[in-house]
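Student: build the 3D model from these lines:
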Amino acid sequence: MAHEGLRSHLSGSVPISIFVHLVVLLVLVVIPLADVVLPVPITSMPSYVLAAAIPVPPAPVPRTVVAPTPAPSPSPFPIDAPKTIEPERLVDPPSIPTTDAVVGSITGVGGVEGAGFGPPAPPVQPVPPPEPPKPQGPVRVAVLPEPPRKIVDVRPVYPEVARVARKEGMVILEAVIDLGGHVTQLRVIRSEPLLDQAAVDAVRQWRYSPSIYYGKPVSVLMTITVRFTLQQ
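Tutor: Numbers count the residues shown, from 1 in each chain. Just a heads-up that it's a prediction; the model follows:
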């Protein structure tokens, strides 16, 4: 019984509820829409819209400049044949003036005398070659036409210390030979410590023949080698 009463109660209230919702929807939604003014569709566009943009002018087409064809130069040689041929005119050669003057007379040794002639020219003397430059210092032996020749020789004395130590070797010296052939300067360029002084003492006593360079005596720069060998 209770279920039947509840069902009858619900069946009576549902239509009322639906009606109330429709009224509220009508009041809140439909009635306000009645006052809304719909926009009028535009049938024509304003003038500032209808104006089209100015088109961009096309790029100028480059013009090809054709150089004028030069007029043909007149030919230096005739092209058309002449209508008449004129006879050639002979031109007399220029006359040579004659004179009765005597050109000259031939003499025995002096040559030809008279107009346009004179004594013979003196012979051309050969120009002497320039003198060679004078050397500022000793001349190296390699540039001399003939190396200096040793005329006095002194044998070096073998040092006792080197003899006891059985020392052998070779000493090379750089020497300057003066104008008279004397050894004035000595410098050791390859040394043997126990043998250097004996080599210098012996070479200082050597004498050489004077050296000539372009006909003049000169001092000479040369190397001297002294060898030390023990006798077996």
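Student: can you show me the helices along the protein?
Tutor: Shown for the chain, the helices assigned by DSSP state H span residues 2-25, 31-34, 47-50, 160-164, 196-203.
Student: can you flag the weakest of these by average pLDDT?
Tutor: Lowest mean pLDDT within the helices of the chain: helix 47-50, at a mean of 54.
Student: name the helix or strand of this structure that has the lowest mean pLDDT.
Tutor: Within the chain, no helix or strand scores below strand 104-106, which has a mean of 39 by mean pLDDT, DSSP states H and E.
Student: so where's this protein uncertain?
Tutor: 1-12, 29-53, 65-82, 88-121, 129-135, 232 (pLDDT under 70).
Student: how does it look with 50?
Tutor: 6, 99-116 (pLDDT under 50).
Student: those strands in it, which residues are they?
Tutor: In the chain, the segments counted as strands under DSSP state E are 104-106, 112-114, 139-140, 150-152, 169-177, 183-190, 207-208, 211-213, 216-218, 220-228.
Student: need those strands in a markdown table (columns: distance to Pro15 and mean neighbour count).
Tutor: (C-beta placed from N, C-alpha, C; glycine too.) Compiled in a markdown table, those are given as follows (distance: least, Cβ to Cβ, whole Å; neighbours: other Cβ atoms under 10 Å):
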| stretch | distance to Pro15 | mean neighbour count |
| --- | --- | --- |
| strand 104-106 | 173 | 11 |
| strand 112-114 | 172 | 13 |
| strand 139-140 | 146 | 15 |
| strand 150-152 | 160 | 11 |
| strand 169-177 | 146 | 19 |
| strand 183-190 | 143 | 14 |
| strand 207-208 | 159 | 18 |
| strand 211-213 | 154 | 18 |
| strand 216-218 | 155 | 15 |
| strand 220-228 | 147 | 16 |
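Student: and those: which comes nearest Pro159?
Tutor: Closest of these to Pro159 is strand 220-228, at 8.6 Å (criterion: Cβ to Cβ).
Student: and the closest one with helix 196-203, angle?
Tutor: Strand 220-228 and helix 196-203 meet at an angle of 120 degrees, taking axes from the mean of the first three to the mean of the last three Cα atoms, to 10 degrees as the criterion.
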